[in-house]
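Colleague: Sequence and computational prediction follow.
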Amino acid sequence: MINSPNAHRVVSNLVVLFAILVLALAYAAAVHPRSARTSKKSQNHLVPRRSIQIRDGFGINSDLPRDPYVPWNRWWWTRIFDAGISFIRIGQYENSSDPTSWDWVERKRGEYAIAQEVDDQIDSLVENGVHIEIQLLYGNPLYTSPAGRAPQMVTPAPGGFHNPDRSLYSVFWPPTTPEQIQAFSNYAKWMANHFRGRAQYYEIWNEPNIDYWNPAPSPEEYGRLFKTVAPAIRAADPSAKIVFGALAGADRKFAKRALDACACGESIDVFAYHIYPDYGHNLNPEAMDDERHTSESPKALRDMVRGYAGIRKDLAFWNDEFNSIASWEGSDESVQAKYIPRGVITDRAAGVRTFVWLIVGATDGNESDDFGMLHGLMFRPEDFTPRPVFAALRNTIALFSDTKFDPSIQVHTDGATTSPALLGYGFRSPKNRAIIAYWLPVLSKAGDRSRAANVNLQITASGIQNPLLVDVTSGEMTSLSWKPGTTD
């Protein structure tokens, strides 16, 4: 058990904030001043880590820089590295196409090109230690338009179009015929060859189970596309990892039928899905696996896929789009700042890598300024400034990157005055030091309003000698001590 000079405040934070207990010396830079000139405030606050310092961390989605809404010369791109993000997913401009998409890369049949500024942006990610996932998407009117006469050249549409779009030359008409699938494979092969040694992961399509796939989602068509394209990517880059699914939600029925049609379990390196808990409403992320949401359960999807015949034993799972939006019904920015750490830590304990959607939104898209960790361009003073969730994500990344879940560490409570019971996960750093995340898995209330919960907290098998409490939303650190006569 733990003694603290601010004990009541600490236990109250179990409801209103996400807090963690960490070995005081586990991250020296986060605990001790870097120099004699370090401010008193910095001694009591977590110091962020940069992307280049992290190997096994967390991901973000991002548009590539594009004038005028996500310009290169505004302070947003380098905040990816400031936050310690070590994985990035690119390929969409909001819900339209980006310069790595098929309609940008092949504008005339058989001729492929990437703009120099895109190579510069990819090099920037590589130089800062970020692992790159490229989405291969969408259709290309040169091949996939339902028009009776194909165009001779295409000019990519500017941002602003999005699904559902069933216009004649929409990019959401997918490759389904042998000729179209071969053309898409040629594009995928060219991309893998062009970015070999820089990009590591290639995801085939995005959310094919909803209206990014015209005229209606077809798991069989998606499975057949993946089966042909995956070998083309490996032929260009044998070290490339191929990502299957990118499903909207934990859609088990679509996943099963797509796997049946593909019959290619050994070709899948990563199975990806996207979780936005109760899209449009306030729902705490842990609730997605409870008995009220069995049809949407990410755990049930993972269990089904792991048990599928022919699936590799080393298959990885990615939740490569995740967010809880401040503007949704019943939510606000204080709720978002709690839910994002809770979601990514729950995923990490389950062995899932999470990519938050997204660093900053392009406001000519269909999501306005709702989804970004930073504010988008609204011609207001707060343009490109961080929301509270950015600090919460950055702190979570600093603490939990490069850790592994350790089920032997247990977190217990006695005499809780609220339900459900406290949720806790223990992790180990590469040097075998313990870090523990704990919180009450309750619905957080807008306005930072939640009931306090007074509990006795006991942690076992951690090996922690000098406990330190870190409030993940603020980065504030408080020294604690074990109850006299105990080491747990």
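Modeller: Arrived safely.
Colleague: quick one, phi/psi of residue 246?
Modeller: Main-chain dihedrals, residue 246, degrees, to the nearest 10: phi 50, psi 50.
Colleague: Next up, the contacts around it.
Modeller: Going by CB atoms under 8 Å, 6 or more residues apart in numbering, residue 246 touches 135, 203, 204, 205, 206, 207, 208, 272, 273, 274, 320, 321. All C-beta spots, glycine's among them, are computed from the backbone N, C-alpha and C.
Colleague: What pLDDT is listed against it?
Modeller: pLDDT, residue 246: 98.
Colleague: Against residue 230, how distant is the closest residue to residue 241 other than its chain neighbours?
Modeller: In space, and not counting its chain neighbours, residue 241 is closest to residue 269: 3.9 Å by CB to CB, 6 or more residues apart in numbering. According to CB to CB, to the nearest Å, residue 269 stands 9 Å off from residue 230.
Colleague: What segments of the stretch 201-350 of the chain are strands?
Modeller: Taking DSSP state E, counting those that start in this stretch as the criterion, the stretch 201-350 of the chain carries its strands at 201-204, 241-248, 270-275, 316-322.
Colleague: any chance of the ones you listed in TSV, plus distance to residue 457?
Modeller: TSV is the format used below for the strands of the stretch 201-350 of the chain (distance: least, CB to CB, whole Å):
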stretch	distance to residue 457
strand 201-204	39
strand 241-248	37
strand 270-275	29
strand 316-322	28
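Colleague: nearest to residue 43, of these?
Modeller: Of all those, strand 316-322 sits nearest to residue 43, with 32.7 Å by CB to CB.
Colleague: Would you point out which residue is most central in the chain?
Modeller: Geometric centre of the chain, nearest residue: residue 355, 1.0 Å, by CA atoms, centre = their mean.
Colleague: right, and the helix or strand after the helix or strand where residue 142 lies?
Modeller: Element membership for residue 142 (DSSP states H and E) is helix 141-144. Later in the chain than helix 141-144, the nearest helix or strand by DSSP H and E is helix 178-194.
Colleague: Against which helices or strands is that next one packed?
Modeller: Here helix 178-194 touches helix 102-105, strand 131-136, helix 141-144, strand 201-204, helix 219-236, going by 3 or more CB pairs under 8 Å, 6 or more residues apart in numbering; DSSP states H and E.
Colleague: how about low-confidence regions in the stretch 1-150 of the chain?
Modeller: Where the stretch 1-150 of the chain drops to pLDDT under 70, the residues are 1-42.
Colleague: The stretch 151-300 of the chain too?
Modeller: Along the stretch 151-300 of the chain, no part satisfies pLDDT under 70.
Colleague: so who does the residue nearest to the centre of the chain touch?
Modeller: Taking CB under 8 Å, 6+ apart as the criterion, residue 355 is in contact with 58-61, 87-89, 133, 318-322.
Colleague: Please enumerate the helices of this structure.
Modeller: With DSSP state H as the criterion, the chain has helices at 7-16, 28-31, 40-43, 79-82, 102-105, 116-127, 141-144, 178-194, 219-236, 252-262, 298-306, 333-349, 388-400.
Colleague: As CSV, the ones you listed with mean neighbour count and distance to residue 312 would be great.
Modeller: Supplementary listing: the helices of the chain in CSV, determined by neighbours: other CB atoms under 10 Å; distance: least, CB to CB, whole Å:
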stretch, mean neighbour count, distance to residue 312
helix 7-16, 18, 39
helix 28-31, 16, 37
helix 40-43, 11, 45
helix 79-82, 19, 30
helix 102-105, 24, 27
helix 116-127, 15, 27
helix 141-144, 23, 31
helix 178-194, 19, 20
helix 219-236, 20, 13
helix 252-262, 19, 12
helix 298-306, 17, 10
helix 333-349, 24, 20
helix 388-400, 24, 26
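Colleague: Present the ones you listed as CSV; the columns should include distance to residue 360.
Modeller: Listed next are those as CSV, based on distance: least, CB to CB, whole Å:
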stretch, distance to residue 360
helix 7-16, 27
helix 28-31, 26
helix 40-43, 26
helix 79-82, 8
helix 102-105, 20
helix 116-127, 14
helix 141-144, 29
helix 178-194, 25
helix 219-236, 29
helix 252-262, 30
helix 298-306, 26
helix 333-349, 15
helix 388-400, 10
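Colleague: Of those, which is nearest residue 161?
Modeller: Going by CB to CB, the one of those nearest residue 161 is helix 102-105, 11.2 Å.
Colleague: So this structure: which segments form each domain?
Modeller: Listed by the TED database, the domain ranges of the chain are 51-403, 410-479.
Colleague: between the ones you listed, which one is nearest to residue 485?
Modeller: Closest approach to residue 485 among these is made by domain 410-479 (13.4 Å; CB to CB).
Colleague: low pLDDT regions in the stretch 301-450 of the chain?
Modeller: 415-420.
Colleague: just to revisit the earlier point, so what secondary structure elements neighbour the helix holding residue 142?
Modeller: Using 3+ CB pairs under 8 Å, 6+ apart, helix 141-144 sits against helix 178-194.
Colleague: Need the residues that contact the helix it packs on.
Modeller: In contact with helix 178-194 (CB under 8 Å, 6+ apart) are residues 100, 102, 105-106, 110, 112, 114, 134, 136, 139-140, 142-144, 174-175, 199, 202, 204, 224-225, 228-229, 232-233, 235-237, 240.
Colleague: Contact partners for the residue lying closest to residue 359 once chain neighbours are set aside?
Modeller: Nearest non-adjacent residue to residue 359, counting by CB to CB, 6+ apart: residue 62, 4.7 Å away. Residue 62 makes contact with 77, 80, 88, 89, 90, 358, 359, 360, according to CB under 8 Å, 6+ apart.
Colleague: Could you rerun that using 7 Å?
Modeller: Residues near residue 62 by CB atoms under 7 Å, 6 or more residues apart in numbering: 80, 88, 90, 358, 359.
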